[in-house]
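Participant: the following comprises the amino acid sequence and a computationally predicted model.
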Amino acid sequence: MTIERASELLASARTGLAMTGAGVSAESGIPTFRGEGGLWSRYDPVKVASIDSFLEDPAGYWRVARERGPAVLAARPNPGHIALAALEKAGRLVGVVTQNTDGLHQDAGSRRVVELHGSGRAVQCLDCGTRERRSEVQARLDVEMPPRCRACGGALLKPTVVLFGEPMPIPAVEEAFTLAKAADVMLVVGSSLVVYPAAQVPLKAVEAGAALIVVNAEPTPFDRLATVVIHGRSGEVLPQLAALLSAA
Ligand code: NAD
Ligand code: ZN
């Protein structure tokens with residue numbers, strides 16, 4: 001059975017690393033971008049989530065955020081996030097590199113979380129740099145569109161997420177590559193693995209000799225590089241994996 005094989009690999013891992021995409025949060029009620037029911041069937045991502053369109057029409061961006069924000073802010077970690085935190089606690093993973101911006105790994109108790117695409121839990125003023133909590137800004141979207149900085153008197157606020165056309169945060173990318181190169185087992189969960197440079201992380205790990213485990217609802221372009229591929233829901237597969245490991 002593939003889950004048994006994955007648990008054997010992780011049982012001997014000393015520098016195991018997880019990387020997650022939107023799929024790990026799907027069972028928390030946050031829609032993925034791609035795939036069935038994905039947001040991209042309803043919105044054009046380049047129109048909504050690029051820095052150029054944000055600057056051209058910030059109210060347009062924030063109107064989508066007003067619709068999408070409450071569900072994301074209210075989401076709770078699911079058994080997949082919780083299993084990853086348990087694997088870290090048990091020493092089978094050194095941490096998790098994530099493409100997600102929802103903060104659910106931290107809520108689940110993961111201690112080392114490398115956020116490649118920033119965090120949706122905060123917003124930042126594009127002029128003075130002052131940060132505010134996203135939840136506070138979310139609460140005033142009904143009366144203030146787009147929301148503006150209160151510290152400097154009116155510059156635009158942008159969530160601290162990486163939009164299309166923006167550079168990735170260099171420290172996070174460097175940390176992810178360092179962990180990947182040192183990893184003996186690389187566990188990728190809920191990522192379509194088509195967004196670069198994020199997909200480069202498991203590639204680096206494999207090149208450096210790591211065994212690759214892929215857990216995803218659908219096939220990915222990396223399945224052929226993997227030692228173990230498990231097509232399933234992360235909220236079901238990961239707790240089984242964690243249970244096998246703790247029983248071992
Ligand atoms: P993606 O949306 O491109 O792909 C998600 C993958 O997860 C798909 O291959 C899908 O088959 C799979 N999946 C769906 N439900 C699953 C489940 N229950 N268990 C396991 N797999 C499941 O996501 P991506 O590759 O992460 O790239 C899109 C970008 O969008 C990310 O970089 C991220 O920044 C951003 N995003 C973040 C969130 C979030 O923070 N939760 C949500 C949507 C998109
Ligand atoms: Zn400001």
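Facilitator: Perfect, thanks for sending it. Ligands and ions are numbered 1, 2, ... in the order given.

Participant: please count neighbours and contacts with C-alpha atoms only from this point.
Facilitator: Will do.

Participant: now do the lengthiest helix in the chain: which elements does it pack against?
Facilitator: Taking DSSP state H as the assignment, the helix of the chain that covers the most residues is helix 58-74. Helices and strands in packing contact with helix 58-74 are listed as helix 45-48, helix 51-56, helix 134-139; criterion 3 or more Cα pairs under 8 Å, 6 or more residues apart in numbering; DSSP states H and E.

Participant: of all these, which lies closest to ligand 1?
Facilitator: Closest to ligand 1 of the helices and strands packed on helix 58-74, according to Cα to the nearest ligand atom: helix 45-48, at 9.5 Å.

Participant: circling back to that earlier point, the helices and strands packed on helix 58-74: which one's closest to residue 187?
Facilitator: Evaluated over the helices and strands packed on helix 58-74, closeness to residue 187 peaks at helix 45-48, with 27.3 Å, by Cα to Cα.

Participant: average pLDDT for that closest one?
Facilitator: Mean pLDDT, taken over the full extent of helix 45-48, equals 69.

Participant: follow-up on the earlier one: any chance of the helices and strands packed on helix 58-74 in CSV, with distance to ligand 1 and mean neighbour count too?
Facilitator: As requested, the helices and strands packed on helix 58-74 are arranged in CSV below (distance: least, Cα to the nearest ligand atom, whole Å; neighbours: other Cα atoms under 10 Å):
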stretch, distance to ligand 1, mean neighbour count
helix 45-48, 9, 16
helix 51-56, 14, 16
helix 134-139, 14, 16
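
Participant: ok so, going back, which positions in the longest helix of the chain come out as buried?
Facilitator: 58-63, 65-66, 69, 72-73 (16 or more other Cα atoms under 10 Å).

Participant: cool, and stretch 206-223?
Facilitator: Of the residues in stretch 206-223, those buried by neighbour count under the rule 16+ other Cα under 10 Å are 206, 209-220, 222-223.

Participant: now, which of the residues you listed lie within helices?
Facilitator: If you go by DSSP H, the buried residues of stretch 206-223 have residue 206 in helices.

Participant: how about the helices in this structure?
Facilitator: Along the chain, counting by DSSP H, helices occupy 2-11, 45-48, 51-56, 58-74, 79-89, 104-108, 134-139, 170-182, 200-207, 234-247.

Participant: where among those is the average confidence lowest?
Facilitator: Set side by side, these give their lowest mean pLDDT on helix 45-48, at a mean of 69.

Participant: show me the beta-bridge partners of the residue nearest to residue 111 when sequence neighbours are not counted.
Facilitator: For residue 111, ignoring the flanking residues on the chain, the nearest one in space by Cα to Cα, 6 or more residues apart in numbering is residue 95 at 7.0 Å. Going by DSSP bridges, residue 95 is paired in beta bridges with residue 17.

Participant: residue 95 and residue 18 touch, don't they?
Facilitator: Yes. Proximity of residue 95 to residue 18 meets the contact threshold set by Cα atoms under 8 Å, at 6.4 Å.

Participant: leaving out chain neighbours, which residue sits closest to residue 120?
Facilitator: Counting by Cα to Cα, 6+ apart, the residue nearest residue 120 is residue 101, at 5.1 Å.

Participant: give me the number of residues near residue 224?
Facilitator: The criterion is other Cα atoms under 10 Å. On that basis, residue 224 has 12 neighbouring residues.

Participant: coming back round to it: need the pLDDT of the residue nearest to residue 111.
Facilitator: As summarised for this prediction, residue 95 has a pLDDT of 98.
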